[in-house]
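1. Mind folding the following:
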Amino acid sequence: MIDIHSHILPGVDDGAQTIEESIRMAEAAVADGIKTIVATPHHKNGVFDNFKNNIAIQVAELNRTFQERGIDLEVLPGQETRVYGELVQGLEENEVLPINTNTNYVLVEFPSSSVPRFATQLFFDIQVAGYKPIIVHPERNKQIIENPDLLYSFVKKGAYVQLTAGSVCGHFGKKIKKFSEQLIEANLAHLIASDAHNTKTRGFCLSDAYGEVRENYGLDMVYMLSENAEDVVDNRVLQANPPEHVKKSKIFGLFSR
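-> Numbering: from 1, shown residues only. Sure thing, here's the model as predicted:
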């Protein structure tokens with residue numbers, strides 16, 4: 001399996017704090033069936049800044065450490081960038097890092113409680129510049145939960161969506177699990193990733209998430225989601241079915257009337 005979203009780099013954000021913790025995370029990832037993992041430290045989220053060139057150096061060092069320890073896990077460079085007005089400029093000036101450096105896919109994060117008004121124009125500008133935004137964990141965004149048509153609009157205009165494995169498995173509660181299922185059913189989810197921060201409270205459950213998808217939606221959906229992860233790191237076109245609107249009446253207790 002390929003995990004396109006993790007916080008395995010040590011000492012750079014709220015993920016692994018030490019190289020020993022990175023090693024424990026790597027061992028847990030391998031145990032979960034992950035062979036390739038993208039290190040995506042936070043950038044421009046108001047607390048952490050992790051720039052493209054620094055990430056590349058740190059990823060190379062981490063790969064070297066894993067090889068020395070005999071850990072069969074390949075780490076690729078990436079970045080989880082909070083949406084900000086100069087994001088396209090950041091891409092052009094080698095500050096913002098696409099997944100695996102040379103792809104056109106960029107992980108973008110909203111604040112947990114809102115979707116900035118400029119996001120629609122920003123996503124348009126990102127695509128005009130030749131990149132493809134992947135919205136991370138929208139199932140945990142308060143405004144999107146209350147108004148899922150926001151996410152529909154972004155996907156309709158060319159954005160992709162990555163759900164967190166823990167959301168699919170119910171680790172963030174029943175409501176977020178239910179909403180994640182509704183996003184899958186509405187073709188508003190294209191990828192699943194761990195967003196792992198450690199091995200205790202925010203670990204790996206990617207295989208369990210794919211198991212949930214297989215049980216509820218069949219192997220075709222599992223193949224689509226897992227193959228999309230491969231296609232992201234190889235810079236190929238992702239599989240995507242036409243998006244649909246989430247029907248509020250199907251979400252029990254999630255939406256205000």
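
2. going forward, measure contacts and count neighbours with C-alpha atoms only.
-> Noted.

3. Which parts of the chain are helices?
-> For the chain, the helices defined by DSSP state H cover 19-31, 52-69, 87-92, 119-128, 142-146, 149-156, 165-169, 174-185, 206-217, 219-233.

4. Tyr105: which of those helices is closest?
-> Closest to Tyr105 of the helices of the chain, according to Cα to Cα: helix 219-233, at 6.6 Å.

5. from the helices of the chain, which stretch is densest packed?
-> Of all the helices of the chain, helix 165-169 carries the top mean neighbour count, a mean of 26, counting by mean count of other Cα atoms under 10 Å.

6. Residues touching that one, excluding its own?
-> 139, 172-173, 176-177, 180-181, 192-195, 204-206, 208-209, 212 (Cα atoms under 8 Å, 6 or more residues apart in numbering).

7. let's see it at 7 Å
-> If you take Cα atoms under 7 Å, 6 or more residues apart in numbering as the criterion, helix 165-169 is touched by Phe172, Ile176, Lys177, Ser180, Ile192, Ala193, Ser194, Cys205, Leu206, Asp208, Ala209, Glu212.

8. Tell me the spacing between the fourth one and Gly166.
-> If you measure Ser180 against Gly166 using Cα to Cα, to the nearest Å, the figure is 10 Å.

9. quick revisit: is it possible to get CSV of the helices of the chain that adds distance to Ser113?
-> Shown next, in CSV, are the helices of the chain (distance: least, Cα to Cα, whole Å):
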stretch, distance to Ser113
helix 19-31, 28
helix 52-69, 27
helix 87-92, 20
helix 119-128, 14
helix 142-146, 5
helix 149-156, 13
helix 165-169, 16
helix 174-185, 14
helix 206-217, 24
helix 219-233, 26
